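Q: take a look and give me a structure for this.
(chains A and B)
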2 protein chains.
Amino acid sequence: MNKLLIVGTVAFDAIETPFGKTDKILGGAATYIGLASSFFNVDAGIVSVVGEDFPKEYLDLLENKDVNIEGVEVVKGGKTFFWSGKYHNDLNSRDTLVTELNVLADFNPVVPEAYKNADVVLLGNLHPLVQTAVLNQLTEKPKLIVLDTMNFWMDNTWDELMEVIKRVDVITINDEEARQLSGEYSLVKAAEKIHEMGPKYVVIKKGEHGALLFHKKEVFFAPALPLEEVFDPTGAGDTFAGGFAGYIAQSENISFHNMKNGIIYGSNLASFCVEQFGTKRMEDLKREDVNTRLKQFKALTQFEIELDE
Amino acid sequence: MNKLLIVGTVAFDAIETPFGKTDKILGGAATYIGLASSFFNVDAGIVSVVGEDFPKEYLDLLENKDVNIEGVEVVKGGKTFFWSGKYHNDLNSRDTLVTELNVLADFNPVVPEAYKNADVVLLGNLHPLVQTAVLNQLTEKPKLIVLDTMNFWMDNTWDELMEVIKRVDVITINDEEARQLSGEYSLVKAAEKIHEMGPKYVVIKKGEHGALLFHKKEVFFAPALPLEEVFDPTGAGDTFAGGFAGYIAQSENISFHNMKNGIIYGSNLASFCVEQFGTKRMEDLKREDVNTRLKQFKALTQFEIELDE
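A: Below is the predicted model:
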């Protein structure tokens, strides 16, 4: 079974959307990535940090999904990273209400021996120096390194971000971040510029408008599934990345052709994530649900036109 | 050859985008629709009105594309409808600078005898009473009636709009208009509500984010082709509708399956329209260009996943 190394936050979230609000619940990029990757036949392990206040049941939840948590450090007396946000009516934008870094402030990631030769590495959204520290501990070159990041690191740690971007194969960012990173408004041109920074593959996430995968002159698009209700977009981008990386790790195939499928699986899983608050929907999700939705994605996008030339 | 009846404006536009500006040039919904439909093997005729100031070369341009202009009334001493607009930097929104209705204010559409039994009718964006007047002149029930409209008519002529919406098979509107028309934010729910108003098929145009086709519980999505440069979005929606209606008229097949292809052809043609100012790109467009882009649309959207159940 191929190994997928996941680095990212395991955290508390408190979320408010037009449809309700939650107290502190399970959140964090690595949590969503881990849950998404658990739908694939991979040996996934998380490197992260939590405080002593983090409920054992949350860690059990990941273990029960066969996600290895040996690399999740529990800091004695420490408090877990906490994020709170409120979404606007259209759910496309949000205000951050609270960010308490807590144990994340001094996070020194330690990759367990068993994952130092991971086949696929997914660097979830974190300080680029933490992402770099993980890459430096690997003993074998992974088949694929995927980097997720955000505008915050572009604003505050540009040089460090450039160093880690150089070393990765795939970058996943949203459309505004792609524009900020490249200085180009056209996403086609933005992807070209970002290719030149290092990543051979550029994934641009557009939320409810789907996702684009660029590789040199090739481009593939996966729509978001049109849904009756979206309750909470939190974690959708991480779930997308986790679905993508999980599928690629399982299939051991990093061709562009296969990455298309990875993007579809990422969109598929993300379409469930937003249906309930937090990780709830992903916890209960069944393989049959994913397969049913895959058929919906096919119906949504596949067409047959004969060329009359 | 099947007949396609097109009703809409033939007009002057003056356009400003971040990439430049034009003086008064050829514009109007029916112009764009006519040019788009000319890529299909159909007998297309336009019903519209222009003033005496309208250059003969513009009408010749349509005739040279085999678009019948018998139904384009030239009002002696009248002035042609003029619209001027300025696009914002993202090209997704614009301000209208000038709207001079001129001869359009008293437009009384007269459908030429030869088009009273049209196979497909495309009611371009116009006053709903004008659209209704056209339907009232038909001597045979068309295989398909397509209606394009906009928020202006929802704001100002709601009741008249509802009357014509009842009578059409397909409505094409943008996402904000779908929300306004239905009172629903979710596009899935919006489409359901609009179905209940009459149209069996609801097409929601999302500009650079593609287009959705809804029919009962079925949904199909066509992305916009990611482009290096977009110069001028004017007419893209009309071109989309013209490509859709032209393809359906040519193929004489109003199944949902075939409408998917129509949506793809609409997106295909619209992707050219935006590459130059006004109608320029559509005037020069070759069948080979359309076929090449069709292959790009396939590469952009088609994937192969085997279900491992």
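Q: from here on, just use CA atoms for contacts and neighbour counts.
A: Noted.
Q: list, one by one, the residues from chain A near chain B.
A: Contact residues, chain A versus chain B (C-alpha under 8 Å from any C-alpha of the partner chain): A:90, A:185-189, A:209, A:219-223, A:226-229, A:257, A:260-261, A:287-288, A:291, A:299-305, A:307, A:309.
Q: cutoff 6 Å now
A: For chain A, the contact set with chain B under C-alpha under 6 Å from any C-alpha of the partner chain comprises A:Ser186, A:Val188, A:Lys189, A:His209, A:Val219, A:Phe220, A:Phe221, A:Glu228, A:Leu300, A:Thr301, A:Gln302.
Q: in strands only, show me these.
A: Among the residues of chain A next to chain B, the members found in strands (DSSP state E) are A:Val219, A:Phe220, A:Phe221.
Q: closest one of these to A:Glu52?
A: Of all these, A:Phe221 has the smallest distance to A:Glu52: 42.3 Å, by C-alpha to C-alpha.
Q: the closest residue to that closest one other than its chain neighbours: which element?
A: Residue nearest to A:Phe221 in three dimensions, not counting chain neighbours: A:Leu212, with 4.5 Å by C-alpha to C-alpha, 6 or more residues apart in numbering or on different chains. In this assignment (DSSP states H and E), A:Leu212 forms part of strand A:211-215.
Q: spatially central residue for chain A, please.
A: In chain A, the C-alpha nearest the mean C-alpha coordinate belongs to A:Asp238, at 2.6 Å (C-alpha atoms, centre = their mean).
Q: re the thing from before, now the residues of chain A next to chain B as JSON lines including pLDDT?
A: Listed next are these as JSON lines, based on pLDDT from 0 to 100:
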{"residue": "A:Ser186", "pLDDT": "93"}
{"residue": "A:Val188", "pLDDT": "97"}
{"residue": "A:Lys189", "pLDDT": "97"}
{"residue": "A:His209", "pLDDT": "95"}
{"residue": "A:Val219", "pLDDT": "98"}
{"residue": "A:Phe220", "pLDDT": "98"}
{"residue": "A:Phe221", "pLDDT": "98"}
{"residue": "A:Glu228", "pLDDT": "92"}
{"residue": "A:Leu300", "pLDDT": "97"}
{"residue": "A:Thr301", "pLDDT": "97"}
{"residue": "A:Gln302", "pLDDT": "96"}
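Q: by neighbours, which of these wins?
A: Among the residues of chain A next to chain B, A:Phe221 has the most neighbours (other C-alpha atoms under 10 Å in any protein chain shown), with 29 neighbours.
Q: so the residue nearest to the centre of chain A sits in a helix?
A: Yes: under DSSP: H, G, I helix; E, B strand; the rest coil, A:Asp238 falls within a helix.
Q: so it sits against A:Ile33, correct?
A: Yes: at 5.4 Å, A:Asp238 counts as touching A:Ile33 under the criterion of C-alpha atoms under 6 Å.
Q: re the thing from before, max pairwise distance over the residues of chain A next to chain B: which two?
A: So, these by C-alpha to C-alpha: farthest apart are A:Lys189 and A:Glu228, at 33.6 Å.
Q: now the stretch 1-150 of chain A against chain B: closest residue?
A: Closest contact between the stretch 1-150 of chain A and chain B, by C-alpha to the nearest C-alpha, is at A:Asp90 (7.9 Å).
Q: just give me the neighbour total for that residue.
A: Neighbour count of A:Asp90, defined by other C-alpha under 10 Å: 12.
Q: now it, what's its secondary structure?
A: State at A:Asp90, reduced to three classes by three-state DSSP: coil.
Q: excluding covalently adjacent residues, which one is nearest to it?
A: A:Asp90's closest residue in space is B:Tyr185 (C-alpha to C-alpha, 6+ apart), at 7.9 Å.
Q: give me the pLDDT for that neighbour.
A: B:Tyr185 carries a pLDDT score of 92 in this model.
Q: verify the contact between it and B:Arg179 for me.
A: Yes: with contact defined as C-alpha under 6 Å, B:Tyr185 counts as touching B:Arg179 (5.5 Å).
Q: sorry, back to before: let me see the contact set for the residue nearest to A:Phe221.
A: For A:Leu212, the contact set (C-alpha atoms under 6 Å, 6 or more residues apart in numbering or on different chains) comprises A:Val203, A:Ile204, A:Phe220, A:Phe221.
Q: again, but for A:Val146
A: Contacts for A:Val146 (C-alpha under 6 Å, 6+ apart) come out as A:Leu122, A:Val170, A:Ile171.
Q: which parts of chain A are strands?
A: Taking DSSP E, the strands of chain A run over residues A:3-7, A:11-17, A:20-21, A:25-27, A:43-51, A:67-75, A:82-87, A:94-100, A:120-123, A:144-148, A:170-174, A:201-205, A:211-215, A:218-222.
Q: same list (those strands) but as a markdown table, adding distance to B:Val10.
A: Shown next, in a markdown table, are these (distance: least, C-alpha to C-alpha, whole Å):
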| stretch | distance to B:Val10 |
| --- | --- |
| strand A:3-7 | 58 |
| strand A:11-17 | 46 |
| strand A:20-21 | 50 |
| strand A:25-27 | 56 |
| strand A:43-51 | 61 |
| strand A:67-75 | 63 |
| strand A:82-87 | 44 |
| strand A:94-100 | 43 |
| strand A:120-123 | 54 |
| strand A:144-148 | 49 |
| strand A:170-174 | 40 |
| strand A:201-205 | 39 |
| strand A:211-215 | 37 |
| strand A:218-222 | 35 |
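Q: contacting residues for A:Asp13?
A: Contacts of A:Asp13 by C-alpha under 6 Å, 6+ apart are A:Lys24, A:Ile25, A:Gly27, A:Phe82, A:Trp83, A:Ser84.
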